[in-house]
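In: Here you go, sequence then predicted model.
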Amino acid sequence: MSFGYELISETDRLPDFPDLGRMVPEYQNQKIREIIFRPYRIVYRVNHERKLCEIARVWHSARGIPVI
């Protein structure tokens with residue numbers, strides 16, 4: 001399996017478990033969360049009212065704080 005496919009497949013459970021990832025520490029906002037996969041951070045926004053998760057950024061952790 002390619003790395004890109006593995007990275008994106010980490011988000012497959014978000015429709016059922018939108019709060020799966022941790023809150024992004026730099027933002028301290030419950031609606032901005034992330035999943036850590038190897039050295040990458042998959043940053044996403046949760047909208048419970050609309051039952052929606054949006055991938056905001058895929059970020060290499062060595063690059064510092066992700067701009068959203």
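Out: Looks like it came in fine.
In: What segments of the protein are helices?
Out: Per DSSP state H, the chain carries helices over the ranges 3-9.
In: low-scoring pLDDT stretches of it, where are they?
Out: Within the chain, no range satisfies pLDDT under 70.
In: which stretches of it form strands?
Out: For the chain, the strands defined by DSSP state E occupy 22-23, 32-37, 40-47, 52-60.
In: Need the distance between the two termini of stretch 25-32.
Out: One end of stretch 25-32 to the other measures 9 Å (Cα to Cα, to the nearest Å).
In: what's the burial count for the closest residue to Val67 other than its chain neighbours?
Out: Distance criterion Cβ to Cβ, 6 or more residues apart in numbering; nearest residue to Val67, sequence neighbours excluded, is Arg57 at 7.6 Å. C-betas here are computed from N, CA, C, even on glycine. Arg57 sits with 14 neighbouring residues when counted by other Cβ atoms under 10 Å.
In: Give me the distance between Arg57 and Met23.
Out: From Arg57 across to Met23, the span is 15 Å (Cβ to Cβ, to the nearest Å).
In: Lovely, talk soon.
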